[in-house]
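>>> Give me a model of this one.
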Amino acid sequence: MPAIGGDADPDSDSVATAFTAVPTAVLADALAWLPPPMLLPMRRVCRAFNAAVATDTCALLCIARHPPIAVDHIWFALPVHFQDAFVRARLGSRTEIVWSKTDFIINWIPPQICCLTSLVHLYANRCNLTGAIPTDLASCTSLRTLDLGFNQLASVIPPELSRLSNLEVLHLESNELFGHIPPEFGDLEHLRVMCLSNNMLTGPLPTELGRLFRLEQLYIRRNCLTGSIPAELGYLTSLTELDLGRNKLEGPLPPRLGNLRNLKAFFAEENDLYGAIPYQLGNLSKLQDLYLGKNRLVGLCPPELGNLGNLCCLQLNGNNLTGFVPLNFSKLENLTELYLSGNVGLRVPREFERTSRAFRLMEEDGLPWEESPRMSTAQLDLSQETTA
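Presented below is the predicted three-dimensional model:
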C-alpha cells in the first residue's frame, strides 16, 4: 500500500513562482497546521510545498499539533520522516504502548519501534499484523512484555529476541510462525510466561528451555513439534501450567516431570507418546488438570494418581492402558471430568466404591466393568450335587 499522499509531482509554475520567495521554514510552519491526510497531498501543488513538507521540522510540528485520533491509526502509512517524527514526539519516552485490537491503516510492524530503548511493555495483539517479526526488536532492551499474539505474522521466530535480557512475558500465539523454537530462548533468564501456541512450529523442544528457572507458564499447543519431551523440563520447578497438547511429540513421558511441585495443569494429549505413565506424576500434589489422552501409553494406570487430591480433570482415554482402575481413585473428591474410555484392556474393578464421584463419572464415560468370575466345571458339579 503506498504512503498517504503519494509521490510528489509539482506541476504548477504559477503557484511555484508565487511561493519561491517564501522561506522553506515558514512554509513548513504554516503547512504543518494541516492534518497529515490533508497535508501530504499538498506536495503536488508546487516544488516549494514539496520541499517544505519533506522537512523534519514540518513532520514534527504536524505530529505535535494534531490530536492522537487524527494520527495514531495512520502513522504506519505516513512517509518515513513522519514515522520517525511520530516515534520521537509520541512514543520516545513511553514505557508502555497498548495497541491491542487497534485497526491500523496498514498492518506491518514499523521498524521505528525498534528505536524505543525505554519501552517496557508492548501490547500489539489482535491488530491484524502481517509480515515478519523484526529482528531489530532485540534493540528494545528494556522490554519486559512483548505481546504480538493473535495476528497474522508469518516468519521464523528471530533468535535475536534472546537478547531481550529483561523479558518476562512473551506472547506470540495464534500467528503463522514457522521453523524451530530458538534454542537461544534458554538465555531469557527472567522469562515467566512464554506462549507459542497455534502456529506452525516444527522441530524438537529445545533442551535449553530447561534453564528458564523462573518460567511459570509454557504454552506450545497446536504446533507440529516432533521428538521427545526433554527431561530438562523437570528442572522448571516454578511451572504452574505446561501445555504441549496437539503436537507430534513422541517417546516416553520423562519421570523427572514429577519434580514440578507447583504444576497445576499439564496437557500433552493428542501426541504420539508411548510407554508407561510415570508413577512420579503422583508427586504433583497441586495438579488440577492432567490431559494425556489419545497417545500410545501402555501399562497399568498408576495408583499414585489417586493421591492427587486437587485433581479436577483427568483424561487418559484413547491409549492402550490395561488392568484395573486403581481403587483409590474413589478418593478423588474434586473430580469433575474423568475420561478413561478407549483403553481396550482397562476395567473398573467390582470392589470400586459405587458412591464415589469417580464411579459416577466412569459410568458416564462408558468404561467397562470387570466381568464376574465364571465357575469352573468342578465347582458347577459340586453346586449341583449340593442342590440335589
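>>> Next, the buried residues of stretch 125-133.
Buried residues in stretch 125-133, counted by 16 or more other CB atoms under 10 Å: 125, 126, 127, 129, 130, 133. Where C-beta positions appear, they are placed from N, C-alpha and C, glycine not excepted.
>>> Which ones among those map onto strands?
residue 130 (DSSP state E).
>>> Quick check: the farthest pair among the buried residues of stretch 125-133?
The most widely separated members of the buried residues of stretch 125-133, counting by CB to CB, are 126 and 133 (15.9 Å).
>>> where's the residue nearest to residue 22 when sequence neighbours are not counted, which helix or strand?
Of all residues not flanking residue 22 in the chain, residue 48 sits nearest, at 6.5 Å (CB to CB, 6 or more residues apart in numbering). Element membership for residue 48, per DSSP states H and E: helix 47-53.
>>> C-terminal to that helix, what's the next element?
With DSSP H and E, the next secondary element past helix 47-53 is helix 56-65.
>>> Against which helices or strands is that following helix packed?
Here helix 56-65 touches helix 24-31, helix 36-39, helix 80-86, going by 3 or more CB pairs under 8 Å, 6 or more residues apart in numbering; DSSP states H and E.
>>> got CSV for those helices, with mean pLDDT and mean neighbour count too?
As requested, those are arranged in CSV below (pLDDT from 0 to 100; neighbours: other CB atoms under 10 Å):
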stretch, mean pLDDT, mean neighbour count
helix 24-31, 82, 17
helix 36-39, 82, 18
helix 80-86, 77, 20
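>>> hmm, who's touching the helix holding residue 48?
Applying CB atoms under 8 Å, 6 or more residues apart in numbering, the external contacts of helix 47-53 come out as 8, 10, 16, 19-20, 22, 24, 27-28, 31, 39-40, 42-44, 58.
>>> Quick check: the two most widely separated of those residues?
20 and 40 (21.4 Å).
>>> Neighbour count for those two, which is higher?
residue 40 (22 against 10; other CB atoms under 10 Å).
>>> hang on, the more buried one packs against residue 79?
Yes. Counting by CB atoms under 8 Å, residue 40 touches residue 79, with 7.3 Å between them.
>>> how close does residue 101 get to residue 147?
Distance, residue 101 to residue 147, by CB to CB, to the nearest Å: 12 Å.
>>> which residues are common contacts for these two?
With CB under 8 Å, 6+ apart as the test, residue 101 and residue 147 both reach residue 125.
>>> From start to finish, how long is stretch 67-78 in a straight line?
16 Å (CA to CA, to the nearest Å).
>>> Give me the buried positions along stretch 355-369.
Neighbour-count burial for stretch 355-369 flags 356, 357, 358, 359, 361, 362, 367 (criterion: 16+ other CB under 10 Å).
>>> So which of those residues are in helices?
Of the positions in the buried residues of stretch 355-369, 357, 358, 359, 361, 362 sit in helices, assigned by DSSP state H.
>>> Just give me the closest of those to residue 116.
residue 361 (52.3 Å).
>>> so is the closest residue in space to the closest one that isn't next to it in sequence in a helix, a strand, or just coil?
With CB to CB, 6+ apart as the criterion, residue 361 has its nearest non-adjacent residue at 3.8 Å, and that residue is residue 338. Put simply, residue 338 is strand when judged by DSSP: H, G, I helix; E, B strand; the rest coil.
>>> For residue 356, see how far away residue 338 is.
Distance of residue 338 to residue 356, computed by CB to CB: 10 Å.
>>> got any residues that touch both of the two?
Joint contacts of residue 338 and residue 356 (CB under 8 Å, 6+ apart) are 329, 332.
>>> hmm, who's touching stretch 295-303?
Stretch 295-303 has contacts (CB under 8 Å, 6+ apart) with 253, 268-279, 281-282, 316, 318-328, 340, 346.
>>> ok, now with 10 Å
With CB atoms under 10 Å, 6 or more residues apart in numbering as the test, stretch 295-303 has contacts from 249-250, 252-253, 268-282, 314, 316, 318-329, 340, 343, 345-346.
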